[in-house]
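Colleague: any chance you can model this:
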Amino acid sequence: MHKLILTTAALAFTAQMGMAQDVTRLGTEGAYPPWNFINDSGEIAGFERELGDELCARAELTCEWVTNDWDSIIPNLVSGNYDVIIAGMSITDERDEVIDFSQNYSQPDPSAYLATTADVDVEGAVIAAQASNIQAAFVAEQGWTLLEFATPEETIAAVRNGEADAVLADKSYLMPIAEEDAGLVMLERDEMLGGGVGLGLRESDTELKEKFNAAIQSMKDDGSLNELITKWDIGETF
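Modeller: Purely as a prediction, here's the structure:
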């Protein structure tokens, strides 16, 4: 009898483990509207929340969402804390050496400058950018003065308090801020960086990549991806 109980318990434990392994964990930052953010109900929301849910449905995957700070988002994918990065991450050669990417689900979004005055000379200015992103890498490559911050909110605060002359970030992120704050202006200069935005995956997860690629392609084919892009105003449609 004890043996039967133990066997039943072992089978139940094995089934639970199997169910846990069938969950695909989606990692996002939750701090970069309109791509991803935490809404008033404390839930992950934004373009990528809607996109991720739809991709999981089309790929017939059971998914759950987790948040992770941007500066450790790639290391924690590699270490297995989640299975997919869906966090406005631009596809770059440097990142592709560490992780793999799906096909892009957005076009390259122009990077723009936000400042307190329109006459800022960015090449001689102090530029704020979020650490470990393509804008920070670009400023560093130009040899300009760079101030890096852990979160996008901190880059905006640095401009407001005079610590930096301008912030360089995705235009889709900066535009709503400029529209709401009369003390901030968008500069006319844009930078085209990266190869669009895609899902980040471990290089070993080829089957998962194929499932998501098929789901992304199906959304491109039926126009639903363009509808989401237009709804959230994140850039050019496909």
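
Colleague: quick one: mean pLDDT for stretch 74-90?
Modeller: Averaged across stretch 74-90, pLDDT comes to 97.

Colleague: that stretch: which residues count as buried?
Modeller: Ile74, Leu77, Tyr82, Asp83, Val84, Ile85, Ile86, Ala87, Gly88, Met89, Ser90 (16 or more other C-beta atoms under 10 Å). Every residue, glycine included, has its C-beta placed from N, CA and C.

Colleague: which of those sit farthest apart?
Modeller: Asp83 and Ser90 (19.8 Å; C-beta to C-beta).

Colleague: how is the chain carved up into domains?
Modeller: Domain ranges of the chain: 2-108+195-232, 111-191, per automatic domain parsing.

Colleague: reformat those domains as TSV; add distance to Phe238.
Modeller: Putting those into TSV (distance: least, C-beta to C-beta, whole Å) gives the following:
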stretch	distance to Phe238
domain 2-108+195-232	5
domain 111-191	16
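
Colleague: related to what we said a few turns ago, among the buried residues of stretch 74-90, which are in helices?
Modeller: Ile74, Leu77 (DSSP state H).

Colleague: show me the buried residues of stretch 74-90 that map onto strands.
Modeller: Using DSSP state E, the subset of these located in strands is Val84, Ile85.

Colleague: going by distance to Lys209, which of the buried residues of stretch 74-90 wins?
Modeller: Closest to Lys209, out of all of the buried residues of stretch 74-90 and judged by C-beta to C-beta, is Val84, at 9.3 Å.

Colleague: correct me if wrong: that closest one contacts Leu208.
Modeller: Yes - under the criterion of C-beta atoms under 8 Å, Val84 makes contact with Leu208 at 7.4 Å.

Colleague: what's the overlap in contacts for those two?
Modeller: Shared contacts of Val84 and Leu208 (C-beta atoms under 8 Å, 6 or more residues apart in numbering): Thr24, Leu201.

Colleague: all helices in this structure, in order from the N-terminus.
Modeller: 2-21, 47-58, 73-78, 93-96, 134-142, 152-160, 171-180, 206-222, 224-232.

Colleague: can I get those helices in a markdown table with distance to Ile127?
Modeller: A markdown table is the format used below for those (distance: least, C-beta to C-beta, whole Å):
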| stretch | distance to Ile127 |
| --- | --- |
| helix 2-21 | 44 |
| helix 47-58 | 26 |
| helix 73-78 | 22 |
| helix 93-96 | 19 |
| helix 134-142 | 5 |
| helix 152-160 | 9 |
| helix 171-180 | 13 |
| helix 206-222 | 33 |
| helix 224-232 | 26 |
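
Colleague: out of the ones you listed, nearest to Ala115?
Modeller: Across the helices of the chain, closest to Ala115 is helix 152-160 (C-beta to C-beta), at 6.3 Å.

Colleague: CA atoms of the closest one as PDB?
Modeller: Presented in PDB, the C-alpha positions along helix 152-160 are these (Å, rounded to 0.1, in the frame of the first residue of the first chain):
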ATOM      1  CA  PRO A 152      14.600  54.900 -19.400                       C
ATOM      2  CA  GLU A 153      12.900  57.000 -16.800                       C
ATOM      3  CA  GLU A 154      16.300  58.000 -15.400                       C
ATOM      4  CA  THR A 155      17.500  59.200 -18.800                       C
ATOM      5  CA  ILE A 156      14.600  61.600 -19.000                       C
ATOM      6  CA  ALA A 157      15.200  62.800 -15.500                       C
ATOM      7  CA  ALA A 158      18.800  63.500 -16.300                       C
ATOM      8  CA  VAL A 159      17.700  65.900 -19.100                       C
ATOM      9  CA  ARG A 160      15.100  67.500 -16.900                       C
END
